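1. would you be able to build a 3D model of this:
(2 chains)
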Number of protein chains: 2
Amino acid sequence: MNSSIFESFEPIFYPRSLAVIGASADMTKFGNIILSAILEIGFEGRVYPVNTEGGDINGLKAYRSLQEIPGEVDFAVMTIPAPAVKNSLEECLRKGVKGVEILTSGFRETGTSEGRRLEEEIVQVARRGIRILGPNCFGIYCPESGLTILPGQNFSRETGPVGFLSQSGGLCADLGQIAKGLGIQFSKMVSYGNGCDVAACDLLEYFFADPKTRIIAGYLEGVEDGPRFLEILKNNKGKKPVILWKAGLTETGSRAVMSHTGSLSGAAEVWKSVLQQAGVVQVGSAEELIDTIYAFLYLPPHAGPKVALMGGGGAIGVAASDSLDRLGLSVPVLSPPILEKLKASFPAVGNSLKNPVDLGNPMIPPSMLRKVMEAAGEDGGIDTLIVIQILFYILYQVRHRLGMDDRPLSQFSFQPGLLKACQEAREKYQKAIILVLPDIVTDGKMIDLEIEWRRERDNYQAAGFPVFKSLDRAARALSHFVRYHQRLQA
Amino acid sequence: MNSSIFESFEPIFYPRSLAVIGASADMTKFGNIILSAILEIGFEGRVYPVNTEGGDINGLKAYRSLQEIPGEVDFAVMTIPAPAVKNSLEECLRKGVKGVEILTSGFRETGTSEGRRLEEEIVQVARRGIRILGPNCFGIYCPESGLTILPGQNFSRETGPVGFLSQSGGLCADLGQIAKGLGIQFSKMVSYGNGCDVAACDLLEYFFADPKTRIIAGYLEGVEDGPRFLEILKNNKGKKPVILWKAGLTETGSRAVMSHTGSLSGAAEVWKSVLQQAGVVQVGSAEELIDTIYAFLYLPPHAGPKVALMGGGGAIGVAASDSLDRLGLSVPVLSPPILEKLKASFPAVGNSLKNPVDLGNPMIPPSMLRKVMEAAGEDGGIDTLIVIQILFYILYQVRHRLGMDDRPLSQFSFQPGLLKACQEAREKYQKAIILVLPDIVTDGKMIDLEIEWRRERDNYQAAGFPVFKSLDRAARALSHFVRYHQRLQA
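-> Predicted coordinates:
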């Protein structure tokens, strides 16, 4: 570990004061959006707007230049046009600013010689003793200090174990919003765009060293120094899980990378083998990235590949079996004594007990599911329990049939009983438990079902159980988690 | 075409009268749920509950036996225990009932010799002149006549072009709910479970012949007669698109099929080649099935593989480029004169114009997107326009920043302008237009964003534009659509 990198990042993630260079009173400008976001999320240090015209911006005095600011400035957010960036960076150097995030675009990613020249100038300044994030990025989100990225004024202020690095700002913006529903919390999230100075290697080193980061994840288009990237990953292999989405691996994707962040994206096979050697969990889409982070957050280390699937509705069992099989997970037939016990509780007709355990009716009372959970819990051949509640919308119909359309859906839900059964089974058997709760209705008139779904999901999550919207997604995330741990032990 | 099959199905899909054999006043029993559903959806013919105890069920006189019913009975829904089914079918024969759906399980799918024997008995009765659906199924939904499946009392009464067959009742139940949000309407939907008499072959023949069915889709676990299945498909190749999900293609999935509907599922490679020969669009999950039906419903026949991607937020462009490339679609660089025109409208900085056309800012005014749509429309190298609106939640933030949290989100939406631009571009250039509107926020406190998303989605759909939640899904569905039409022309 390079301790100087760790120390050089401290004033960037936890600045005592920051300047927004290019702050603006015009609400449509990035210089206003980012300033407002930082103020609204409640950044803990001092904030100095800088604008050559002075005046007042968002209730704060605006300084005409960095030099006018009376106190020290640890960090600067820059939103001025590309050609003005270099001189402003020189000013930052003189003022003793430790790090700058440059949100502006118009550099290498334009593909022009002018853009490349402007970016090269920045790199030269960076070498003289200031760390630079970007250009062409959305910046840093650090819930602990209250820094936030471009459209991130409503991000959570709760700190957590995920360190996230990304060449895409849009993905960071999405992730910060998605995370709020999923109970995912971040130590730091860094959008670094073109990555002319700080990029994947430094950020990985930082996250490996950062005691607040337990899981590292990211979106890459290219890396600045392949051998160093690989060395960092290998040197730290097994210390913390690393989950990466490397995009631009097709010909068309690679062209898009060039005009997005100006990176070189490389060949798919090379990346696959490099990431595998380095113990990285490689994912291929935003959804897969988020699901995998989520699994690493919620699953206990003993979650294994031998799955008992339980619920009602056999096609779901068939589809689930297909997905699990394709992903290298198994759905072993329950052991004979366990099966005998189950047969004593459930009639043969309408139930399929071997595993998947399909109880026919989609509205399965928790007392019945509890019996299946106990059986799977006792079976030494099972590591992980997946409880599937298909036909979630049946709640709606149950309420309607009881003539109680005016009551909240929550009154008709099995969730409290099922949560209790899950908690007791977890306590008793020390096996991983995953819930699959498909949320498929998007009819504008059925919004209260969505409200109820979110409420139930939140309750399971608060108790530590992951909830997936589909079996395919649950299986894919579990499979990444299992293979990561298998490789560690190999 | 077998015209006798077509005719034999008419009294099943459009019965003048039906009996619910096993009707029950107990709200938890299938015999009550299905009766209530049929009454509530507003079945147009006469409904006769049959229960050996007589009395009154759901406000209707219950008959002690089928023979007691005064008038003719075209169709029967059966929910009595498996061992009683055979005798009841004999009664149906005597009464002149044309078709029966048997919801009851406890037959071949139990894997017991008793179950197989009971099912064999049913088959024998069927041969004597009555058509049987099931056993172990959810039945028929026909919006035109008002028949509905087991939990389908709130299904749409609007008829439409999709004929759906499925060995899974749960999938039918899901699909009927999902369809309501997506503007998908059915001619008929048939859950046939074990398929002891009516099964895939007969249903395919019916749907090919049915003038009300324009698109055929289905979920299969196995087929009863492979050569006939293939012959029907080949004889009708190109007449109507056929979209099939064949599940149980892995070892584990195949075991699950056996205990779900007792079918033999077969080898993956065989199925793939058979379906391809027969011109079938093969899909691998419920989501893919629904997305593909949706694409066939909404896309014009000239939707082609050469895509112009437009929106703001480059990572999305990179990921989209990757997905399109992998699926055999292309994102060609716009032609030089078109590019020149675009360059005149947009500054080089912050925009990437070649294709994907990335306008940097995620909040792109419709007037700007309109210019890009016109450019792509004029470009002879482009067939299909995909408009991506990432960071949908930014609406929320815009409203908040304007200090108008109490106003509805719709007031801040670009949707009316964008819809108008889409309509004008469609009129002028006759190219396919697809919208991608990611809906990713699931925070319980942000439900009004979901309400607004559904409203906007509905508006685009009502105007005939498909809306996908992700680029990956849009690309996959478009790719199925394009390949189907390419194969037809080959």
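2. other SSEs contacting the strand or helix carrying A:Ile132?
-> According to DSSP states H and E, A:Ile132 maps onto strand A:131-133. Applying 3 or more CB pairs under 8 Å, 6 or more residues apart in numbering or on different chains; DSSP states H and E, one finds that strand A:131-133 contacts helix A:3-13, strand A:99-102, helix A:113-126. Every C-beta, even on glycine, is put in place using the N, C-alpha and C of the backbone.
3. give me the residues contacting the second one.
-> So that's strand A:99-102. Outside strand A:99-102, the residues within contact range by CB atoms under 8 Å, 6 or more residues apart in numbering or on different chains are A:8-9, A:11-12, A:15, A:74-78, A:85, A:89, A:92, A:122, A:130-137, A:139-140, A:198.
4. and the longest one, by the same measure?
-> Under the criterion CB under 8 Å, 6+ apart, residues A:82-83, A:85-86, A:89-90, A:93, A:102, A:106-109, A:132, A:135, A:194, A:196-197, A:262 lie in contact with helix A:113-126.
5. kindly report the same for stretch A:54-61.
-> When contacts are defined by CB under 8 Å, 6+ apart, stretch A:54-61 is touched by residues A:23-25, A:32, A:35-36, A:39, A:47-49, A:51, A:62-64.
6. closest to chain B among these?
-> Distance ranking of these against chain B, using CB to the nearest CB, places A:Ser36 first at 6.4 Å.
7. helix, strand or coil for the closest one?
-> Following DSSP: H, G, I helix; E, B strand; the rest coil, the label given to A:Ser36 is helix.
8. OK, contacts around the nearest residue to A:Pro81 once chain neighbours are set aside?
-> Among residues not flanking A:Pro81 along the chain, A:Thr104 sits closest, at 6.4 Å (CB to CB, 6 or more residues apart in numbering or on different chains). Residues near A:Thr104 by CB under 8 Å, 6+ apart: A:Gly22, A:Met78, A:Thr79, A:Ile80, A:Pro81, A:Ala82, A:Val85, A:Gly134, A:Pro135, A:Asn136.
9. need the pLDDT of A:Thr104.
-> In this model, A:Thr104 is scored at 93, pLDDT.
10. swap in the one 5 residues further on?
-> For A:Glu109, the pLDDT comes out at 88.
11. ok so, going back, which of the contacts of stretch A:54-61 are buried?
-> By neighbour count, with 16 or more other CB atoms under 10 Å in any protein chain shown, these hold A:23-25, A:32, A:35-36, A:39, A:47-49, A:51, A:62-63 as buried.
12. close to chain B: what parts of the stretch 151-300 of chain A are there?
-> By CB under 8 Å from any CB of the partner chain, the part of the stretch 151-300 of chain A that sits against chain B consists of A:151, A:153-154, A:166-171, A:173-174, A:177-178, A:180-182, A:219, A:221, A:247-253, A:255-257, A:259-261, A:284-287.
13. in PyMOL, how would I select just the buried ones from the residues you listed?
-> If you want just the buried ones from these in PyMOL, going by 16+ other CB under 10 Å, the selection is:
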select buried, chain A and resi 151+153+154+166+167+168+169+170+171+173+174+177+178+180+181+182+219+221+247+248+249+250+252+253+255+256+257+259+260+261+284+285+286+287
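14. I'd assumed A:Gly195 was in contact with A:Ser168.
-> No - between A:Ser168 and A:Gly195 there is no contact, the gap being 11.4 Å when judged by CB atoms under 8 Å.
15. give the residues shared as contacts by those two.
-> Taking CB under 8 Å, 6+ apart as the criterion, A:Ser168 and A:Gly195 both touch A:Thr261.
16. residues in contact with the closest residue in space to A:Ala295 that isn't next to it in sequence?
-> Nearest non-adjacent residue to A:Ala295, counting by CB to CB, 6+ apart: A:Ala477, 3.7 Å away. Applying CB under 8 Å, 6+ apart to A:Ala477 gives the contacts A:Glu288, A:Asp291, A:Thr292, A:Tyr294, A:Ala295, A:Pro466, A:Phe468.
17. any chance of the residues you listed in TSV with pLDDT and neighbour count as columns?
-> As requested, the contacts of A:Ala477 are arranged in TSV below (pLDDT from 0 to 100; neighbours: other CB atoms under 10 Å in any protein chain shown):
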residue	pLDDT	neighbour count
A:Glu288	96	19
A:Asp291	98	25
A:Thr292	98	27
A:Tyr294	98	24
A:Ala295	98	27
A:Pro466	98	24
A:Phe468	96	24
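18. which stretches of chain A have low pLDDT?
-> Along chain A, segments meeting pLDDT under 70 span A:1-3, A:264, A:313-316, A:348-350, A:362.
19. what's the most centrally placed residue in chain A sitting at in phi/psi?
-> Chain A has A:Ile290 as the residue nearest its centroid, 4.5 Å off, counting by CA atoms, centre = their mean. Taking degrees, to the nearest 10, you get phi -70, psi -40 for the backbone angles of A:Ile290.
20. now do A:Glu221
-> Backbone torsions of A:Glu221, given as degrees, to the nearest 10, read phi -110, psi -30.
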